[in-house]
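Chemist: what's the 3D shape of this:
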Amino acid sequence: MLSNADLEHLLESDGDGLEAPGSKQEEASKDADAEESRCKEEAASEVVLCDGAVRNTLRRRAAAQGSRIGDGCIIAYRTAEGQPLSEVEVGAAALPWALEITARRVQVGDVVDVVGIGEHALADEESAPSEGSDLERRWRFEIATVRGNQHDKFRMSVDERIDMASRLRERGNAMLKRGRLQRAADYYERGSSLMDVIEAEDMGGMGGMDGMGGMDGMGGMGNMAGKGGGKKDEKAVANNKRIRECQKPILLNWALVLMKRSCWQEAERKCAEVILDIDGCCVKALFRRGQCQVQLGNLEEAKKDLLKARDLDDSIASDVEKELAKLKRQQKVLDRRDRGWAQKALEQGLADARSAASTGREKPEENTDDGIECSVKDSAPVVHQCVFLLLRCSRRSRAQF
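Modeler: Just a heads-up that it's a prediction; the model follows:
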């Protein structure tokens, strides 16, 4: 029980030692309101995916952290409030593409507003939107439950990976036939990614020092496996061969889709993967890389690829000639640009020479060579010589084509 002195002391301290009734509840309520406000602010933030073709706005976050969702998982979902649940496998053909992309990045219990534009608004059985169409669809996407495990290429067998990659390639082919170029490229990319894990072929053992290639450089180290020193795992060699054989048509079709979308640099890289890593004499890869090189302006490289493809398969000679004709036209355009530049350089050089002659003395050049003595004489002969060499090179390059 408080004494009178203690009571007076407490009263004089402006209530610092006492807590007003209900203050704890008020503070807790304020914290809850702040947390709710923060969650609403976080939930309302929009995430833009696929160059703006898919937009996600989180409306409600799950109360607890859920398991990760990926291809192979079975989800129960709804696309409108109060709608009955439907089940589908993530990565299969049933979901609209925008919902498939969203499913891979949310968790069970999340509620997300999803916007899909163009091809991303469609499921696989739907045709591509007409040219210039601004197709847009919206969903209130909620995943209620998930079961099963997502596919993990590092735990899958070679047979499983090849089977799945082949199915993805077939889906991509179907999309390509229907004009769904973006969706086709997505399937080819997913199929190709399953093939980038190969098995170790070398079982170990140096077998001798011949593979070292001496101590004066590293060039011989790359031949260690190929000089018979290390024993090969025949099963791994066979599996890797099957993986490359599966990868080859996927990359070729992926390159074709990219070419149809005028993504020439990316298409060239896919063809190069085939040529450098799988089959250096693949006619399709050489021909398509040549086509890409023409579009990229790499005319000398294009010519080499096209002629090699024709030498390997003379049945494509007419197609090669068409591409070579494009190459010649592009070379003429480049030659005209070179001649125009050379003419301007010549005119400028003559003007500078005449100007220097009219003054009766050479114009000193600003010294920026940090103590190195340098003087500039009449530039006209030098310009004449440079222009002559440029035109000569231009005529030579034109003659080559």
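Chemist: with only the CA atoms kept, save the helix or strand harbouring residue 56 in PDB.
Modeler: Assigned by DSSP states H and E, residue 56 belongs to strand 54-60. Coordinates of each C-alpha in strand 54-60 appear next as PDB, following Å, rounded to 0.1, in the frame of the first residue of the first chain:
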ATOM      1  CA  VAL A  54       2.200  -9.600 -67.900                       C
ATOM      2  CA  ARG A  55       1.400  -7.500 -64.900                       C
ATOM      3  CA  ASN A  56       1.000  -8.700 -61.300                       C
ATOM      4  CA  THR A  57      -0.600  -6.800 -58.400                       C
ATOM      5  CA  LEU A  58      -0.600  -8.600 -55.100                       C
ATOM      6  CA  ARG A  59      -3.900  -8.100 -53.300                       C
ATOM      7  CA  ARG A  60      -3.400 -10.400 -50.400                       C
END
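Chemist: buried residues, that strand. List them.
Modeler: Within strand 54-60, the residues that count as buried by 16 or more other CB atoms under 10 Å are 54, 55, 56, 58. C-beta: built from backbone N, CA, C; applies to glycine.
Chemist: I'd like those residues written out as TSV, with pLDDT added.
Modeler: Output for these, formatted as TSV (pLDDT from 0 to 100):
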residue	pLDDT
54	97
55	97
56	97
58	94
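Chemist: what's the mean pLDDT across whichever helix or strand comes after the strand holding residue 56?
Modeler: Once the chain leaves strand 54-60, the next helix or strand it forms, by DSSP H and E, is strand 74-78. Mean per-residue pLDDT for strand 74-78: 96.
Chemist: partner strands of strand 74-78 and their direction?
Modeler: strand 86-89 (antiparallel), strand 136-147 (antiparallel) (DSSP bridges).
Chemist: check which helix or strand the closest residue in space to residue 319 that isn't next to it in sequence maps to.
Modeler: Taking CB to CB, 6 or more residues apart in numbering, and ignoring the residues beside it in sequence, residue 319 has residue 287 as its nearest neighbour in space, at 7.0 Å. Assigned by DSSP H and E, residue 287 belongs to helix 283-296.
Chemist: what about that helix, average pLDDT?
Modeler: On average, helix 283-296 scores 97.
Chemist: touching that helix from outside, list them.
Modeler: 251-252, 255-256, 259, 262, 264-265, 267-268, 271-272, 274-275, 279, 299, 301-306, 308-309, 312-313, 316, 319-320, 323, 326-327, 330 (CB atoms under 8 Å, 6 or more residues apart in numbering).
Chemist: could you list the buried residues of it?
Modeler: Applying a neighbour-count criterion of 16+ other CB under 10 Å, the buried positions in helix 283-296 are 283-295.
Chemist: distance to residue 145 for these - can I get that in TSV?
Modeler: Formatted as TSV, the buried residues of helix 283-296 follow (distance: CB to CB, whole Å):
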residue	distance to residue 145
283	50
284	45
285	45
286	50
287	50
288	45
289	48
290	52
291	49
292	46
293	51
294	53
295	49
